[in-house]
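> One predicted model, sequence on top.
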Amino acid sequence: MKEQSKPPNYYELLGVKPSATKAEIRAAFRTLILKYHPDRNPDPAAVEYTRVLNEAHTVLANERKRQLYDEWLRASATSSSGKVAAEPGQESDRRPVPDFCCSHCGRKDSSLRLVAMYYVTSFLVVTYKRAASGIWCQRCTAREAAKRTFLSALLGWWGFPWGPIYTLQALFVNATGGLQSASNNAALLRAVAYQLYTRSERDEAALALSNSLRLETDAATAEFLKYLEDNGAILRQPSFFWRVANAVPSGLVIAVLVIIVFVLSIQPSGYRAEYAPPRQFAAAPEKLRSPADEKANDLVSQLAQLVAADSPVVGTHFDGTRQVREHVLDRSKFDPDQVMSLANQIYALLTSGASDKNGFIASAYFNARLFTLSIYIVNGVTFGLDIKQYVNQVKELAQDRFLSNWLSASQFSISYSALLVKLDAVMANYRPGSSIADLQRNYEMQMVTIKELGHTADTYRARNPDAYNSLVPIYNADLRRTSRLASRLNFQAKAADDLDLAFNQCMDPAILMSQFDEVDLTQRNQDSFSHDSDGPGSNTAQN
């Protein structure tokens, strides 16, 4: 009788002890593969030896495969120590079948599956997609799906560009129950069915065989299932509850994401062109206006003309039968000195002792002055300038004796207080010195450097480990520098946008935007849409 060849002992092949750690196994594998790889070793046997080395590393580097391999080694040792050798072809000659059960809770039933669940973690340009795998029952599979899905939802989005892509992929895979190999799970269910049968759990064994046949056709399995049914086993229908449970976490994450996108999409992005003067400023033909009011009205008209001239049209919308143009206050297009000159002239009216019972002159000065300071501050953050003196001037507006009473009683008191809070928050972290454009350019240069270092490191990884190890700290230092640069860039760009909106919410559109046109669609039959027929300043506040 010819003796069968004995499979190699993977531990002896790698030259490590059975108690070796993963790091020791990896180090031994790398040493041997570098020595015997066919690219370096001309020996014809090197190809087969390399294949066995890869097989050994694949088994011992995987915790579950290593556990099964260790059980097989112990069973083989026990079999070989007997006095009577088993005949070839008998069951004792085969590798032992492990006692399969859920690796988490120990359950043994027809719902056991070999499953892999994705989870994603990322930061800026670094994204990791990993998988957690094991033999789990349907209850533990749902728990793992929830755990890996919520982990990906919290940590997976923050890398560009692969973070969102891998995260959505993980959500989809986990929602469908994870990755499940049909052939492997069919074999697993056949083994589980036999073990359940030996425990007299015939109904559960029949369901395991039925699930196995759904995955892979097998004549012996079908015959075993028929035998169980003929002997009284009841084949129940599998429950769909846990399939739905697998999809619930991903559904919740997608729902939250949709809500966030919807809320952000409806946030205001600038001024609208349709503004109506407040009632207290409505024209009253039967009343006479003072010279101070006439002068203030003229200055406000000039201010509104400046705003209208330099506020680009970004679109239109319909309000009933009217088409209304939409404008945006782009502060980079305004000359702050020109606006400040108008503000000073309005302030001269306040200090001249002119009557301001309805607060119109105070309101006009507040808007002109705050608009000027907003130009300095928003443009200063955009270009990385020192804005501290202008922030202090914004705070001093509430202390001005001509504005304090009016401001505390006006509708802009709350938005002005919110603006001060926003300014304090920005000043706590703002560092002047670099514009947003410079930061963006430096960030892009750093990204190019990181990509080149990463490509060089990948080239050295296998060919020159010493050079690769020397590049690792350089790459990590550049990555940290890029992270800090990205953080500063994001903060400065967001600060400019937030302050722009906060200033807009503090100013009266009836004063700044009164020169914008409104178009009435009831006159479309004319050659062109007609605008307001009154001259400049017709929409400004009247005393």
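Sure thing, it's come through.
> Which neighbouring elements make contact with whichever strand or helix holds Thr372?
Taking DSSP states H and E as the definition, one finds Thr372 inside helix 360-383. When contacts are defined as 3 or more C-beta pairs under 8 Å, 6 or more residues apart in numbering; DSSP states H and E, helix 360-383 packs onto helix 291-309, helix 336-351, helix 388-396, helix 404-409, helix 436-463, helix 465-504, helix 509-512. (C-beta placed from N, C-alpha, C; glycine too.)
> Just the buried positions in the fourth one, please.
Read that as helix 404-409. Neighbour counts over helix 404-409 (16 or more other C-beta atoms under 10 Å) mark 406-407 as buried.
> related to what we said a few turns ago, mean confidence score for the helix holding Thr372?
For helix 360-383, the mean per-residue pLDDT is 88.
> now stretch 237-249
82.
> Stretch 394-412 now?
In this model, stretch 394-412 has a mean pLDDT of 84.
> How about residues contacting that stretch?
Stretch 394-412 is contacted by residues 347, 350-351, 359, 362-363, 365-366, 369-370, 373, 377, 413, 416, 419-420, 423, 506-508 when judged by C-beta atoms under 8 Å, 6 or more residues apart in numbering.
> From those residues, list just the buried residues.
Buried members of the contacts of stretch 394-412, counted by 16+ other C-beta under 10 Å: 347, 350, 359, 362-363, 365-366, 369-370, 373, 377, 416, 419-420, 423, 506-508.
> Surely Pro238 is within a helix?
No. Residue state for Pro238 (DSSP: H, G, I helix; E, B strand; the rest coil) corresponds to coil; a helix is not indicated.
> is it true that it touches Ala208?
No. With contact defined as C-beta atoms under 8 Å, Pro238 does not reach Ala208; the gap is 10.4 Å.
> give me phi/psi at Gly384?
Dihedral angles of Gly384 (phi, psi; degrees, to the nearest 10) stand at phi 70, psi 30.
> contacting residues around it?
With contacts defined as C-beta under 8 Å, 6+ apart, Gly384 is in contact with 432-436, 438-439, 492.
> what does Leu179 give?
Leu179 is in contact with 115-118, 131, 173, counting by C-beta under 8 Å, 6+ apart.
> Switch the residues you listed over to TSV; also include secondary structure, pLDDT and distance to Phe402.
Shown next, in TSV, are the contacts of Leu179 (DSSP: H, G, I helix; E, B strand; the rest coil; pLDDT from 0 to 100; distance: C-beta to C-beta, whole Å):
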residue	secondary structure	pLDDT	distance to Phe402
Val115	strand	92	73
Ala116	strand	90	71
Met117	strand	91	67
Tyr118	strand	89	64
Ala131	strand	87	68
Val173	helix	92	66
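> Name only those of these that count as buried.
Buried members of those, counted by 16+ other C-beta under 10 Å: 115-118, 173.
> And for the nearest residue to Lys22 once chain neighbours are set aside, the neighbour number?
Nearest non-adjacent residue to Lys22, counting by C-beta to C-beta, 6 or more residues apart in numbering: Ala61, 6.3 Å away. By other C-beta atoms under 10 Å, 13 other residues sit near Ala61.
> right, and Ala61 touches Ala27 too?
No. Judged on C-beta under 8 Å, Ala61 makes no contact with Ala27 at a distance of 11.7 Å.
> So the residue nearest to the spatial centre of the chain: helix, strand or coil?
Per C-alpha atoms, centre = their mean, the C-alpha nearest to the average position across the chain is that of Trp157, at 2.7 Å. Secondary structure, three-state DSSP: Trp157 is coil.
> Domain boundaries for this structure, per the record?
Under the assignment named as automatic domain parsing, the residue ranges that make up the domains of the chain are 10-75, 113-260, 279-433+507-523, 436-494.
> Of all these, which one is nearest Arg107?
Judged by C-beta to C-beta, the one of the domains of the chain that comes nearest to Arg107 is domain 113-260, at 4.4 Å.
> pLDDT score assigned to the residue lying closest to Val472 once chain neighbours are set aside?
Spatial nearest neighbour of Val472, excluding adjacent residues (C-beta to C-beta, 6+ apart): Ala457 at 7.2 Å. Ala457 is assigned a pLDDT of 85 by the prediction.
> Would you confirm that Ala457 contacts Leu471?
Yes. With contact defined as C-beta under 8 Å, Ala457 and Leu471 form a contacting pair (4.8 Å).
> Would you map the helices across the stretch 101-250 of the chain?
138-155, 162-175, 182-198, 202-215, 219-230, 241-265 (DSSP state H, counting those that start in this stretch).
> Serialize those helices to a markdown table and add fields for distance to Leu512.
A markdown table is the format used below for those (distance: least, C-beta to C-beta, whole Å):
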| stretch | distance to Leu512 |
| --- | --- |
| helix 138-155 | 43 |
| helix 162-175 | 39 |
| helix 182-198 | 67 |
| helix 202-215 | 70 |
| helix 219-230 | 80 |
| helix 241-265 | 26 |
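> need the helices and strands packed on helix 360-383 in TSV with distance to Trp162, can you?
Shown next, in TSV, are the helices and strands packed on helix 360-383 (distance: least, C-beta to C-beta, whole Å):
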stretch	distance to Trp162
helix 291-309	44
helix 336-351	44
helix 388-396	40
helix 404-409	50
helix 436-463	14
helix 465-504	16
helix 509-512	44
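> quick one on the thing from earlier: just give me the closest of the buried ones among the contacts of Leu179 to Leu499.
Nearest to Leu499 among the buried ones among the contacts of Leu179 is Tyr118, at 40.4 Å by C-beta to C-beta.
> How about the closest one, nearest residue that isn't a chain neighbour?
Nearest non-adjacent residue to Tyr118, counting by C-beta to C-beta, 6+ apart: Ala170, 3.7 Å away.
> on that earlier part again, out of the helices and strands packed on helix 360-383, which comes closest to Val381?
In terms of C-beta to C-beta, the element of those nearest to Val381 is helix 465-504, at 4.5 Å.
> buried ones in that closest one?
468, 471, 475, 478-479, 482, 485-486, 488-489, 491-492, 495-496, 499-504.
> on that earlier part again, any residues in contact with both of Pro238 and Ala208?
Joint contacts of Pro238 and Ala208 (C-beta under 8 Å, 6+ apart) are Ser110.
> between those two, who's got more neighbours?
More neighbours surround Ala208 than the other of Pro238 and Ala208, with 28 against 14 (other C-beta under 10 Å).
> What residues does that one make contact with?
Counting by C-beta under 8 Å, 6+ apart, Ala208 touches 109-110, 112, 189-190, 192-193, 196.
> burial of Ala245, as a residue count?
By other C-beta under 10 Å, 17 other residues sit near Ala245.
> Touching, it and Ala142? I think so.
Yes. The criterion here is C-beta under 8 Å, and Ala245 meets it with Ala142 at 4.1 Å.
> Could you check what's spatially nearest to Asp99, not counting adjacent residues?
Closest to Asp99 by C-beta to C-beta, 6+ apart is Gln195, at 6.7 Å.
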